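Colleague: need coordinates for the below:
(one chain, ligands or ions: 1)
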Amino acid sequence: MCGIVGYVGHRAAQPVLVNCLKRLEYRGYDSCGIALLGKDVEIYKDAIRIEALEKKLRPHINKAGIGHTRWATHGKPSQGNAHPHADCTGKIAVVHNGVIDNYLALREKLTQEGHKFRSDTDTEVIPHLIEKYFQGDLQEAVSKAIGDMSGSYAFVAIHSDWDGMVVARNESPLILGVGDKENLVASDVPAVLDYTDRVIYLEDGDIGVVTGDGVRCFRNGKQIDREVHRIPWSIEEAQKGGYAHFMIKEIHEQPRVIRNTYKGYISALEPVVNLGIRKDAGINDILFIACGTSYYAALVGQQVIQSLTQIPVRVEIASEFNYSDTVLGRTWVIVITQSGETADVMRALKKAKEVGCRTLAITNVVGSSATRLADETLYITAGPEICVAATKSFIAQLTMLYLMGLAWASGDIRSRVSMATELRQLPDKVQQLIDREEEIAAFGKYLAKYENVFFVGRGLNYPVALEGALKLKEISYIHAEGYPAGELKHGPFALLTPKTPVVAIAARDNTYDTLMANIKEIKARESPVLAIAEEGDIEIEKYVDFAVRVPKVSPIFSPIVNAVALQLLAYYTAKERGCSIDTPRNLAKSVTVE
Ligand code: G6P
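Modeller: I've put the predicted structure just below:
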C-alpha cells in the first residue's frame with residue numbers, strides 16, 4: 001500500500017526522505033516521489049524504484065519535505081500519477097494514502113472553478129481543494145478541504161508560504177515521529193526508526209501540525225493531547241543484518257519470536273498459562289476474523305481452541321464478514337492482524353463493536369489502529385516484519401493461539417502442564433529444522449522448475465497447506481493451490497500429471513492413514529509427491545518420492561514445524577527462480593484499502 005513520509009528539522013530533508021522511503025519499500029510500490037519545501041515546492045517523481053529516483057535528484061539543503069511510494073489504485077503507474085501531487089500554483093504538494101470516494105464529483109466542480117488536473121488519481125483533488133481554501137493558513141485550508149472529502153485518507157500537505165507540514169487522517173494509518181529538533185510523519189513505524197523511537201498515532205478525524213520545534217494535534221479545531229508511545233523495536237531489527245533477504249532473516253528469528261511471545265505468559269516454575277485476559281462466562285462462541293496469512297493462523301487456532309476449551313469457534317475472512325449477515329449473539333470477536341491496520345479487518349472490528357460484541361485484537365504493532373479500537377489486545381512480539389510475505393508473525397500468531405487454548409482450557413491440569421512444557425521446547429525444535437535448511441534448499445531447487453504445485457494436508461495441517469501454497473505463489477510466482485487432501489478427487493485430480501508435484505503434509509495424527517491413501521491416489525496419476533514428514537517416519541518412504549524431515553513434536557504442535565519447513569521451501573524455490581522475494585510484484589505488506 002502507499003507509503004507516506006515527511007520530515008522537518010535540522011537536517012537536509014532530501015536524504016532523510018529517501019532513507020525513510022527505503023524503509024517503507026517493503027509495503028510494496030510501483031512509483032515514488034518526493035517534494036522539497038523551499039521558496040517553491042520542487043517535485044521529483046516517476047514510476048521507478050527509489051534507487052533510480054535518488055540518482056535523478058540534485059543536492060538540496062532544504063530542511064523540510066514529503067515523500068511517497070505509490071501502489072496504484074486510481075490510474076496506472078506513471079510519472080503523472082505518482083505522488084506528490086501539486087495544485088495549479090505549484091506552491092502546494094500533497095502525498096496521500098487511501099481512496100477519496102467522491103473525487104469525481106469534486107474534480108468536476110473544481111474543474112468548473114478553473115482548476116486544471118494533470119493526473120488520473122483521486123489524490124489530485126486534495127491539493128486543489130487546499131488551494132481553493134488557502135488564505136495564509138495551511139491548517140485552516142486542510143480543515144476546510146477535508147470537510148468536502150469523503151473516503152479514506154492519510155495525507156501530508158506542504159505549502160511554500162507555510163513553515164512545516166499539515167497532516168490529516170481518516171481510516172488510513174498515519175504516525176508522527178517525535179524527535180529532537182526534528183519531527184517526522186509516516187504511514188508506518190519502521191520509516192522513522194533511524195531518527196526516533198517515539199511516535200504518536202493519529203486518530204480518525206485528527207489534524208496534525210508538524211514543525212521542527214514540535215508536533216500539535218487538533219480535533220474539531222481544538223488542540224488535544226495524544227499519547228507518545230515508545231516503540232520497543234531497534235533499527236537493527238528492521239535491517240537485513242547480513243542475510244540475503246528479510247524473509248530468510250525473519251525465518252531465522254522464529255525460535256526467538258516463539259520464546260518472546262510465550263515469555264511473560266508461562267511461569268518458568270509452574271508451566272501454566274496466564275494471559276491476563278479471562279474468557280467471560282457469558283460468551284457463547286468465538287469468531288476469529290482475519291485476512292491472508294493471519295486468516296490461516298485463525299483456521300489453526302479454531303481447531304486448537306475448540307479442542308482444548310470446548311468453546312465453539314468460527315472463522316471468517318474480514319472482507320466477506322463485512323458484507324455478510326453473520327449472526328453475532330454473545331460472540332467474542334477476535335481479530336488477528338499482524339499490522340493492526342488492514343482496512344477490511346478494521347471495518348469488521350467496527351461492525352462487531354457497533355453490535356455490542358466483546359472484542360479482542362491479536363497484533364504485532366504497539367498502538368496500531370486495531371489496538372485502539374478493540375476492547376483488549378494481546379501482542380505477539382514478533383518484532384518488525386519487513387518481508388511482504390508473512391513468516392514470523394504467522395508463527396507468533398500460532399504461538400499466541402496455543403497460549404489462548406491453554407489459558408482457557410477446561411481439561412485435566414496435568415495434560416495442560418505437559419502441553420505448556422512442550423510449547424517451551426518448540427523454539428529448539430524450530431532451530432533444529434532451520435539448522436537443516438540446506439536439505440530443504442535442495443528441494444526448493446527441484447520445485448523451481450515446475451509451474452503448478454498442489455499442497456495438501458488434513459485436519460490441523462489443512463490450513464498449513466493453504467499457507468504453504470500462499471507462500472509459494474506470493475514469492476516464486478508458481479501457481480500453487482492448497483487443498484484438504486481428501487478433496488483432490490473432487491476436481492483437482494483432472495490437473496494431476498507428472499508435471500504437477502504435490503506437497504503432502506504427513507502429520508502423525510489420526511489423519512495419517514487416510515492421508516497415505518490419498519497419496520496413493522495421487523501417485524496413481526503420476527504426480528511427484530514431496531512429503532513433509534516427521535523424523536523417524538520410515539513408513540512414508542513407501543509412498544512418496546521425496547521427504548522433507550521435520551523434528552518430532554506432538555500432533556497439536558505440528559503446524560509450527562510444518563509451516564516453517566514450507567516457508568523455507570518457498571524461500572529457496574523463489575531464490576532459485578531469481579524472484580524479488582521481499583517485495584513480490586503487485587503485493588503490499590499492509591493493505592489499507594478495502
Ligand atoms: C497482506 C500481507 C499478508 C498478510 C495480510 C493480512 O496481504 O501481504 O502477508 O497476511 O495482508 O495482514 P495483517 O496485517 O492484517 O495480518
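
Colleague: CA only for contacts and neighbour counts going forward, please
Modeller: OK.

Colleague: wait, Gln14 touches Arg58, no?
Modeller: No. Applying CA atoms under 8 Å as the test, Gln14 and Arg58 come out as separate, 9.4 Å apart.

Colleague: can you pull out the low-pLDDT segments for the stretch 251-400 of the chain?
Modeller: In the predicted model of the stretch 251-400 of the chain, residues 268-271 satisfy pLDDT under 70.

Colleague: if we can go back for a sec, ok, Gln14 and Arg58, which is more surrounded?
Modeller: Neighbour totals were compared for Gln14 and Arg58, and Gln14 leads with 26 against 8 (other CA atoms under 10 Å).

Colleague: secondary structure class for that one?
Modeller: Put simply, Gln14 is helix when judged by DSSP: H, G, I helix; E, B strand; the rest coil.

Colleague: Lys263 versus that one, what's the distance?
Modeller: 41 Å (CA to CA, to the nearest Å).

Colleague: likewise Leu568?
Modeller: Distance, Leu568 to Lys263, using CA to CA: 25 Å.

Colleague: which of these two has more neighbours?
Modeller: Leu568 (27 against 13).

Colleague: ok, that one to the ligand distance?
Modeller: Look at Leu568 and the ligand: by CA to the nearest ligand atom, to the nearest Å, they are 16 Å apart.

Colleague: hmm, that residue is touching Glu437, no?
Modeller: Yes. Using CA under 8 Å, Leu568 makes contact with Glu437 at a distance of 7.0 Å.

Colleague: what helices or strands is the helix or strand hosting Leu287 leaning on?
Modeller: Assessed by DSSP states H and E, Leu287 sits inside strand 285-290. Judged by 3 or more CA pairs under 8 Å, 6 or more residues apart in numbering; DSSP states H and E, strand 285-290 is in contact with helix 292-309, strand 313-317, helix 318-321, strand 331-337, helix 343-354.

Colleague: which of these sits most buried?
Modeller: Burial of the helices and strands packed on strand 285-290 is given as mean neighbour count (mean count of other CA atoms under 10 Å); strand 331-337 ranks first at a mean of 26.

Colleague: got the angle for that strand vs helix 343-354?
Modeller: Orientation note: strand 331-337 sits at an angle of 160 degrees relative to helix 343-354 (axes from the mean of the first three to the mean of the last three CA atoms, to 10 degrees).

Colleague: which neighbours does strand 331-337 have in its sheet, and in what orientation?
Modeller: strand 285-290 (parallel), strand 358-363 (parallel) (DSSP bridges).

Colleague: tell me the angle of that strand relative to helix 292-309?
Modeller: Strand 331-337 runs at 140 degrees relative to helix 292-309, counting by the same axes, to 10 degrees.

Colleague: just the CA coordinates of strand 331-337, formatted as PDB?
Modeller: In PDB, the C-alpha atoms belonging to strand 331-337 read as follows (Å, rounded to 0.1, in the frame of the first residue of the first chain):
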ATOM      1  CA  THR A 331     -20.000 -13.800  20.400                       C
ATOM      2  CA  TRP A 332     -16.500 -12.800  21.400                       C
ATOM      3  CA  VAL A 333     -15.000 -11.300  18.200                       C
ATOM      4  CA  ILE A 334     -11.200 -11.800  18.000                       C
ATOM      5  CA  VAL A 335      -9.300 -10.100  15.100                       C
ATOM      6  CA  ILE A 336      -5.900 -11.400  14.100                       C
ATOM      7  CA  THR A 337      -3.800  -8.900  12.300                       C
END
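
Colleague: does that strand reach the ligand?
Modeller: Yes. Against the ligand, strand 331-337 shows contacts by CA under 6 Å from any ligand atom at Thr337.

Colleague: what does that strand contact?
Modeller: Residues outside strand 331-337 that contact it (CA atoms under 8 Å, 6 or more residues apart in numbering) are 283-291, 294-295, 298, 345, 349, 352, 357-364, 397.

Colleague: one more: stretch 452-471?
Modeller: Outside stretch 452-471, the residues that touch it by CA under 8 Å, 6+ apart are 293, 296-297, 299-300, 303, 389, 478-486, 499-507, 511, 515, 556, 558-559, 562-563, 566-567, 570.

Colleague: where does this protein come near the ligand, residue by residue?
Modeller: Contacts of the chain with the ligand, taken as CA under 6 Å from any ligand atom, map to 291-294, 337-340, 342, 388-390, 588-591.

Colleague: what's near enough to touch the closest residue to Ser31 other than its chain neighbours?
Modeller: Closest residue to Ser31 apart from its sequence neighbours, by CA to CA, 6 or more residues apart in numbering: Ala47 at 3.8 Å. Counting by CA under 8 Å, 6+ apart, Ala47 touches Asp30, Ser31, Cys32, Pro77, Ser78, Gln79, Ala82.

Colleague: just the pLDDT for Ala47.
Modeller: Per-residue confidence at Ala47 stands at 94 (pLDDT).

Colleague: now it: how far from the ligand?
Modeller: Looking at Ala47 against the ligand, where the rule is CA to the nearest ligand atom, the gap reads 21 Å.

Colleague: what of Gln139?
Modeller: 32 Å.

Colleague: one step back: next, the angle strand 313-317 makes with the strand holding Leu287.
Modeller: Going by the same axes, to 10 degrees, strand 285-290 makes 20 degrees with strand 313-317.

Colleague: can you tell me the element the residue of the stretch 101-250 of the chain found nearest the ligand falls in?
Modeller: Nearest residue of the stretch 101-250 of the chain to the ligand: Met247, at 11.4 Å (CA to the nearest ligand atom). If you go by DSSP H and E, Met247 is part of helix 246-252.

Colleague: quick revisit: OK, contacts around the residue of the stretch 101-250 of the chain closest to the ligand?
Modeller: Contact analysis of Met247 by CA under 8 Å, 6+ apart lists Ile386, Cys387, Ala389, Thr391, Tyr571, Ile581, Asp582.

Colleague: no more questions from me, cheers.
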